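Asks: next input, structure requested:
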Amino acid sequence: MNEVEETLTKIEQNYRLFQQQQFSFIRALEHTRKESHDTMRPVSSIVQVQCYKDHHCYNSTDRRILTMFISICNDLRNLCHKMETVHPGDSVTNGLLEKCKVLLNDSNDLTAIRATYPHAVVNYLSLEEARHRYGGVVSLLPIVIDSMWEWVTYSKRHMLYVVSRGHDMSKRETLTSQKPPVKHFAAQTSISNKKNVQLQEKDFKKFLAANQCPKQKAPWKPPGKHP
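Replies: Down below sits the predicted model:
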């Protein structure tokens, strides 16, 4: 989990640098769209940006910023696969990862997505650019990064709950094991009671033997008839 968090932090730092150069990114897309004679349709997928960079980019500055965008997308895609191995997943984490994987798919249509507050990437665009050309492609990275941080936060909270619950159960088992067995205690009590009864019977017999009065013998009479 720590490795995932560290990797995501580094990716976010790279994205902050990229975000500061959003104007250069838009200008690079403008240049390459013109070179490709593809100015009518919006920039709607990662593979479209890749195609512009590979086949229609003749400016080193434009190539650098487009490469930076593609590189961040690849890093996020690789992190998605790593996240699947770190946490077994439930409906929440699986849903967040699936959302990220769909958005980062090379051919996924990005035209309908828009990053909202606190992100201002769409606000930096002109009205036409935001509505039609670049609103989706500039919204991709902040939406994915936010979803991944949500995954990290939820997973850490869930793991802490499981660990805490396991600790409580272990503590209860320890306390239970320290209690003397009930059956063993009852058996000891029964044996002790029997011994007490036997001792009491012996004492009572001794008491009777010591205090019993001797029988009186009849007076002696000479043989013969007696009235």
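Asks: what sits against the most centrally placed residue in the chain?
Replies: In the chain, the residue lying closest to the centroid (C-alpha atoms, centre = their mean) is residue 155, at 2.9 Å. Contact analysis of residue 155 by C-beta atoms under 8 Å, 6 or more residues apart in numbering lists 1, 86, 87, 93. Where C-beta positions appear, they are placed from N, C-alpha and C, glycine not excepted.
Asks: check residue 122 too.
Replies: 114, 115, 130, 135, 138, 139.
Asks: quick check, pLDDT for the fourth one.
Replies: When you say that, I think you mean residue 135. We have a pLDDT of 95 for residue 135.
Asks: now swap in the last one and tell me
Replies: According to the model's per-residue confidence, residue 139 sits at a pLDDT of 97.
Asks: how about the second one?
Replies: The per-residue pLDDT reported for residue 115 equals 94.
Asks: ok, it touching residue 143?
Replies: Yes. In this structure residue 115 lies within contact range of residue 143 using C-beta atoms under 8 Å: 5.5 Å.
Asks: how close does residue 104 sit to residue 113?
Replies: 12 Å (C-beta to C-beta, to the nearest Å).
Asks: now do the shared contacts for the two.
Replies: With C-beta under 8 Å, 6+ apart as the test, residue 104 and residue 113 both reach residue 140.
Asks: which one of the two is surrounded by more residues?
Replies: Counted by other C-beta atoms under 10 Å, residue 104 and residue 113 do not tie: residue 104 has more neighbours, with 19 against 16.
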